[in-house]
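[1] Here is the input, now give the coordinates:
(one chain, ligands or ions: 1)
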Amino acid sequence: MHIDIVSVFPQYFETLTLSLLGKAREKGLISVEARNLRDWTCDVHHAVDDTPCGGGAGMVMKPAVWGECLDELLGLEASDISENAGYTTFCQAVQSGRNVKISRKYEAREGTVLIFPNPSAPLFTQNDAKELSQKKHIIFGCGRYEGYDARIPRYYETRGVDVREYSIGDYVLNGGEAAVSVMLEAITRLIPGFMGNPDSIIEESYSGEDSLLEHAQFTKPARWRGMDVPEIYMSGHHAKIEAAKRSESLIRTSNIRPDLVERIHCEKLSEEDRKTLISQGWDVSGEHPRKISAER
Ligand code: SAM
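    Residues are numbered from 1 along each chain as shown. Take a look at the predicted model:
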């Protein structure tokens, strides 16, 4: 996989030579290039931002500079988009507050995905990371200031590029760099060969068939500062340990992320799983669990 990161602070990504990511780069599993957006400016001040249309605080990233940069990285010739490409519908949608998908005609390289971190976009999840770990080329565009001109992602969508906008959580950061680091790490660690032990990504939180939170982890010594590792974990009885981990994982998910329990398909639950969920106040007789009462 090749990753291009476009930012006004490319130095931010110097840490990507560290740890497992650094090893994956050495092994040739991934290549990463952090690029300075200002290299695509053509004015003496290397300006990448301008005042917002319609007024308001702060500055907005200019489409012209992003256009020059992304055309080059995507191998596209600059062109105006045609009347029927869906942009008029997009403008009408902006005015009426509707969400609209722009129709696309494929032009850009297959396997390339253009990602813009954005706090007002859908949440980035483990499933997105899994899907993106199969791609050949990802371009991340880091926003700054009040964000980037909304026409940038729409333009590349009409040019056939697979464009995604993701939020990494319900809070606002100063820029997209931290969000890109988060997504990049979540994606690349799922590339086959990245992890020393591939099993370690199978049983993690949000992974597996039902995307539960992981059970608590312990290591030796069995007693630390008067606190014992739960006996079952030290019993050596593999089947019982697995059952205890599964039950703890269900209870923890029920307490912390009941929305994840609601997505489980009841038909896939074992008898033991059903008992655990019922004990936590879930009705498991329908298609998905439904919370009916506090813990029983
Ligand atoms: N005006 C924007 C808003 O209120 O939604 C916030 C812009 S923020 C200060 C600047 C940039 O940081 C964004 O364009 C985006 O690239 C990045 N960013 C900030 N918070 C983020 C989040 N939760 N998830 C992903 N990207 C984020």
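[2] mind checking pLDDT for Tyr106?
    pLDDT recorded at Tyr106 is 49.
[3] count of neighbours near Gly143?
    25 (other CB atoms under 10 Å). (Each C-beta comes from the backbone N, C-alpha and C, glycine too.)
[4] Excluding chain neighbours, what is closest to it?
    Gly176 (4.5 Å; CB to CB, 6 or more residues apart in numbering).
[5] per-residue pLDDT, the one you found?
    98.
[6] Please name the residues that touch it.
    When contacts are counted by CB atoms under 8 Å, 6 or more residues apart in numbering, Gly176 touches Ser7, Phe116, Pro117, Asn118, Phe140, Gly141, Cys142, Gly143, Arg144.
[7] In terms of helices and strands, where is the fifth one?
    Taking DSSP states H and E as the definition, Phe140 sits inside strand 137-141.
[8] Can you tell me what sits against that strand?
    1-6, 66, 70, 73-74, 109, 111-117, 132, 148, 152, 176, 180, 183-184, 187.
[9] Kindly recompute the last result at 7 Å.
    Applying CB atoms under 7 Å, 6 or more residues apart in numbering, the set of residues contacting strand 137-141 from outside is 1-6, 66, 73, 109, 111-116, 132, 180, 184.
[10] All the helices of the stretch 1-150 of the chain, residue numbers only.
    19-27, 63-74, 87-96, 126-132 (DSSP state H, counting those that start in this stretch).
[11] just to revisit the earlier point, how far off helix 63-74 does the strand holding Phe140 point, in degrees?
    Strand 137-141 and helix 63-74 are oriented at 160 degrees to each other (axes from the mean of the first three to the mean of the last three CA atoms, to 10 degrees).
[12] Check which element follows strand 137-141 along the chain.
    Following strand 137-141 toward the C-terminus (DSSP H and E): helix 151-158.
[13] Alright, that wraps it up for me.
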